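Undergrad: Task: produce atomic coordinates for the following.
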Amino acid sequence: MSDQPPPTAFAGRKPTTAPVWRRRLPWIGGIFLLALIVIGLWPRPLPVEIATVTRGPLVVTVDEEGMTRVKNRYVVSAPVGGQLRRIDWKAGAPVEAGRTVLATLETGGADFLDARSQAQAEARIRAATAACDAAQAQHERASAAARLAASDLARLRQLYEQKVLSPQEFDAAEMRATTAQQDERAAEFGRRVAEHELEQARALLIRTQPGGDVEPLQITAPVDGRILRVYQESARIVPPGFALMEVGDPTDLEVRIEVLSRDGVAIRPGARVTLEQWGGAEPLNARVRLVEPSAFTKISALGVEEQRVYVVADFTDPLARRPTLGDNYRVEARIVTWENPRVLHIPSGALFQLGGQSRVFVLDGGRARLRTVEAGHSNGVDVEITGGLKEGDRVVVYPGDKVVDGTRVTPIEVGLR
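TA: This next block holds a predicted model:
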């Protein structure tokens, strides 16, 4: 017998091995995990706000607070000293020139019978007569200028309606007509005041004559309008020239706007003004008549000294649009210093300074590209672009520190004012 063991059932079979894909599975898992790590660490596109460069109107304004005021006002004062009777008038009461008695002054006649008072009354009459003649001549000149300006405006309006005249020339003619009309009203007010002064002077001269009138002196209203404020109500002894009340026409208003002197340099007479937050539903329109030549120093709310100047503007809207607007009412004024109806512009948040030049980031194929541009006028919201961009380009608004030239970005569209 042989010493070899008997054959078994597994005799002649090769040892089994694992499939290939099982042996490669750890490598596949490692590669997949590495891919996930790379994908997780790969920089993602930054979400940025994008605005499209378009053409449209751009208006540059100076925004400041203003106050309305009666354009022509008259301070009624005591022509001579005496005992003032109590004044019962209140602010807002209507008055009529030459007929409404505003105050009564008891003089007793003692102050009017000396030679000095008579000489003063005669000198006052001569001065009042000269002032009345000058006021009459001024009124005639203002009336002639107003008629001429109105005639020119009517002629130019026809040309403007026929598209022959430019809007700028028509606006200038309209401004001249409005200014001439306001000058005529001011001259009319001055003429009435001069006539009132002459009447008062003649009345005082009559009282200085021997046997003249010793009855209480009645002070009448110099102009038509309303009482704006009463300075003295109680009865008392008053000296000559003592202010009693103020009279004016509250419907004849102007606006006085307080602006920084550096902004006042850019404001020209005739500039368009929009008045908001005055109490009405719609804004009012006005035109700049005067930028005062002298500035003043004012301490701001933050304690900073500022040089400011007053800008005076006239209303161009009819009285029916502002029937309840009165004297010393607050308004918010927007004074137009520059405007263009069709200009290439972008949001001011897209523009920044780099290396002393104006730069923007332009969207190009999913990446932000740095570009140098030429900027013009700005109103704080939009900026005029005079070079470096074209209509239809898309720029990044408020790019931030993470956006550099070539950064991958995801655009988020925003509106453009």
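
Undergrad: State whether Glu174 and Leu153 are indeed in contact, as I suppose.
TA: Yes: between Glu174 and Leu153 there is a contact under Cβ atoms under 8 Å: 6.1 Å. From N, CA and C alone the C-beta is placed, and that goes for glycine too.

Undergrad: which element is Arg308 on?
TA: In this structure, Arg308 sits in strand 305-315 according to DSSP states H and E.

Undergrad: Now do that strand: which elements does it pack against?
TA: helix 167-208, strand 253-260, helix 261-264, strand 284-291, strand 296-299, strand 330-347 (3 or more Cβ pairs under 8 Å, 6 or more residues apart in numbering; DSSP states H and E).

Undergrad: What pairs with that strand, parallel or antiparallel?
TA: Sheet partners assigned to strand 305-315 using DSSP bridges are listed as strand 253-260 (antiparallel), strand 284-291 (antiparallel), strand 296-299 (antiparallel).

Undergrad: Compare the ones you listed and report which one is nearest to Val409.
TA: strand 253-260 (39.0 Å; Cβ to Cβ).

Undergrad: Now render the strands paired with strand 305-315 as a markdown table, adding distance to Glu332.
TA: Below are the strands paired with strand 305-315 laid out as a markdown table (distance: least, Cβ to Cβ, whole Å):
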| stretch | distance to Glu332 |
| --- | --- |
| strand 253-260 | 10 |
| strand 284-291 | 11 |
| strand 296-299 | 18 |
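
Undergrad: could those strands go into CSV alongside mean pLDDT?
TA: Formatted as CSV, the strands paired with strand 305-315 follow (pLDDT from 0 to 100):
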stretch, mean pLDDT
strand 253-260, 94
strand 284-291, 92
strand 296-299, 92
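
Undergrad: Compare the ones you listed and give me the one nearest Val381.
TA: strand 253-260 (19.2 Å).

Undergrad: what sits opposite Ala51 in the beta ladder?
TA: Val395.

Undergrad: Contacts only, for Gln307.
TA: Gln307 makes contacts with 260-262, 295-298, as judged by Cβ atoms under 8 Å, 6 or more residues apart in numbering.

Undergrad: With Gly264 as the reference, measure out to it.
TA: 9 Å (Cβ to Cβ, to the nearest Å).

Undergrad: which residues do the two both contact?
TA: Ala295.

Undergrad: domains of the chain?
TA: 48-59+341-413, 62-68+252-339, 80-106+216-251, 108-214 (automatic domain parsing).

Undergrad: CSV for the helices and strands packed on strand 305-315, including mean neighbour count?
TA: Below are the helices and strands packed on strand 305-315 laid out as CSV (neighbours: other Cβ atoms under 10 Å):
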stretch, mean neighbour count
helix 167-208, 18
strand 253-260, 20
helix 261-264, 16
strand 284-291, 20
strand 296-299, 10
strand 330-347, 18
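
Undergrad: For Val101, find the nearest of these.
TA: helix 167-208 (12.9 Å).

Undergrad: So which bits of the next helix or strand after that closest one are buried?
TA: Sequence order places strand 217-220 as the next helix or strand after helix 167-208, per DSSP H and E. Neighbour-count burial for strand 217-220 flags 217, 219-220 (criterion: 16 or more other Cβ atoms under 10 Å).

Undergrad: Is it possible to get JSON lines of those that adds pLDDT and distance to Leu244?
TA: Listed next are the buried residues of strand 217-220 as JSON lines, based on pLDDT from 0 to 100; distance: Cβ to Cβ, whole Å:
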{"residue": "Leu217", "pLDDT": "79", "distance to Leu244": "12"}
{"residue": "Ile219", "pLDDT": "85", "distance to Leu244": "7"}
{"residue": "Thr220", "pLDDT": "85", "distance to Leu244": "12"}
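
Undergrad: can you pull out the strands in the stretch 1-150 of the chain?
TA: Using DSSP state E, counting those that start in this stretch, the strands of the stretch 1-150 of the chain run over residues 46-52, 54-70, 73-77, 82-84, 94-95, 101-106.

Undergrad: Select, out of these, the one closest to His377.
TA: strand 54-70 (5.1 Å).

Undergrad: ok, so of the contacts of Gln307, who is nearest Arg359?
TA: Nearest to Arg359 among these: Arg262, at 26.3 Å, using Cβ to Cβ.

Undergrad: tell me the mean pLDDT for the strand holding Arg308?
TA: Mean pLDDT, strand 305-315: 93.

Undergrad: and Thr104, what does it touch?
TA: 84-85, 216-219.

Undergrad: repeat for Pro57
TA: Neighbours of Pro57 in contact, by Cβ under 8 Å, 6+ apart: 339-343.

Undergrad: Local confidence estimate at Leu228?
TA: Looking at Leu228, its pLDDT reads 91.

Undergrad: What residue, apart from its backbone neighbours, is nearest it spatially?
TA: Glu246 (4.4 Å; Cβ to Cβ, 6 or more residues apart in numbering).

Undergrad: What strands flank the helix or strand that contains that neighbour, and is each parallel or antiparallel?
TA: Using DSSP H and E, the element containing Glu246 is strand 243-248. Taking DSSP bridges as the criterion, strand 243-248 sits next to strand 73-77 (antiparallel), strand 225-230 (antiparallel) in its sheet.

Undergrad: want to throw these into a markdown table with distance to Val59?
TA: Shown next, in a markdown table, are these (distance: least, Cβ to Cβ, whole Å):
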| stretch | distance to Val59 |
| --- | --- |
| strand 73-77 | 34 |
| strand 225-230 | 35 |
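
Undergrad: Quick check: which of those strands is nearest to Val95?
TA: Proximity to Val95 (Cβ to Cβ) singles out strand 225-230 among the strands paired with strand 243-248, at 6.2 Å.

Undergrad: which of the residues in the closest one are buried?
TA: Per 16+ other Cβ under 10 Å, strand 225-230 contains these buried residues: 225-228, 230.
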